[in-house]
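J.: missing the sequence, but the structure's below:
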DNA sequence: GAAATAGCGGCATATGATGCCAATAACTCT
DNA sequence: AGAGTTATTGGCATCATATGCCGCTATTTC
């Protein structure tokens, strides 16, 4: 996939929308130094090109009862297609698993799971996670502090 | 922090806005089965309560040249305040580090770093990451496949 | 230097957001 | 159970914003 050529104004648009996806076009235009018309045209082009993937609302996990986020490293029994695909399919079914990456190296998969609290996670692990076929072993890492968690990708110099 | 009581309509609103943060209030109202006025009022209340933290645009990393995302596990030389805080401060300065969690257990920190490609990451590691004071050792995990990467938290039953 | 191209700004119209008010539904207390 | 109270809804009027079109300007190309 070819990276797309972005000029300084495009980058400012992307920085602004990554920060606030609900900026009105008028505000965005003012911020990047254009009039609304060409600004909107650039946004549409960035959307159509897939540079802007989508707009989402981010919730405060604690406010809706998910006080805890846990990392889980998983080792499978084998790397054959059935084992791996079966695991991936099971992961897709579980909404509390918000991230899952297949890794090259030490362990096979890294997950992030949200839960109400440690007890709720324990239950989730024994009732859902540990029941997935093909898992050889798993290790849980508990975050002490969320130092940084950005959805923004760096688009501006500096 | 107290979790907030959400009724069925609130949950539908949150699900919809997590999926598409740019839904117009008219569309959102239709989707959750309200008229625009009370729908907008609920959204404002959810925003003011902090349940909706913010709205953002999500970019396609590959389209802007970040073909690679790398996990890094870090062990510090000590757990004293100066060492830990120094590390945290350094992490905040580096835009390519998009996530950083302090962990309880095996390793001290888990990072996610975006880079143009493996060679660019290697340069980032030696020129920026490895130069942070207080690091004892570090291990890099390369994702083979992004199985799942949701910003959405589960808010609906099922 | 002339023609062609790309990108900008302004304007008119349609659509949506926002605040107010009356009506309805749910809830409470006796 | 019923009357009063509170919370929530839907509709309407107004204002702001989005959107598409057109002419203008700057830049490029030959």
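T.: Received, thanks. Just so you know, these numbers come straight off a predicted model, no measurement behind them.
J.: Now the spatially most central residue of chain A. Nearest residue, chain neighbours left out?
T.: Closest residue to the average C-alpha location of chain A: residue A:99 at 6.6 Å, with Cα atoms, centre = their mean. In space, and not counting its chain neighbours, residue A:99 is closest to residue A:112: 4.0 Å by Cβ to Cβ, 6 or more residues apart in numbering or on different chains. No exception for glycine: its C-beta is placed from N, CA and C like everyone else's.
J.: What strand or helix carries that neighbour?
T.: strand A:109-115 (DSSP states H and E).
J.: Just the pLDDT at the residue of chain A most remote from its centre, thanks.
T.: The centre of chain A is farthest from one residue, residue A:35, which by Cα atoms, centre = their mean lies 32.8 Å away. On the pLDDT scale, residue A:35 is placed at 96.
J.: right, is stretch A:16-24 up against DNA strand C?
T.: No - residues of stretch A:16-24 contacting DNA strand C under Cβ under 7 Å from any atom of the strand: none, with a closest distance of 8.7 Å.
J.: Give me the contacts around that stretch.
T.: The set of residues external to stretch A:16-24 that reach it, using Cβ atoms under 8 Å, 6 or more residues apart in numbering or on different chains, is A:28, A:31-32, A:43, A:52, A:55-56, A:151-153, A:155, B:21-22, B:54-59.
J.: and these, which are buried?
T.: By neighbour count, with 16 or more other Cβ atoms under 10 Å in any protein chain shown, those hold A:28, A:31-32, A:43, A:52, A:55-56, A:151-153, A:155, B:21, B:54-59 as buried.
J.: pull the longest strand from chain A.
T.: As assigned by DSSP state E, the longest strand anywhere in chain A is strand A:135-149.
J.: show me where pLDDT drops low in chain A?
T.: Along chain A, the model assigns pLDDT under 70 to residues A:1-3.
J.: how about a cut-off of 80?
T.: A:1-4, A:158 (pLDDT under 80).
J.: mind listing the helices for it?
T.: Assigned by DSSP state H, chain A shows helices spanning A:8-19, A:25-32, A:36-48, A:81-93, A:118-124.
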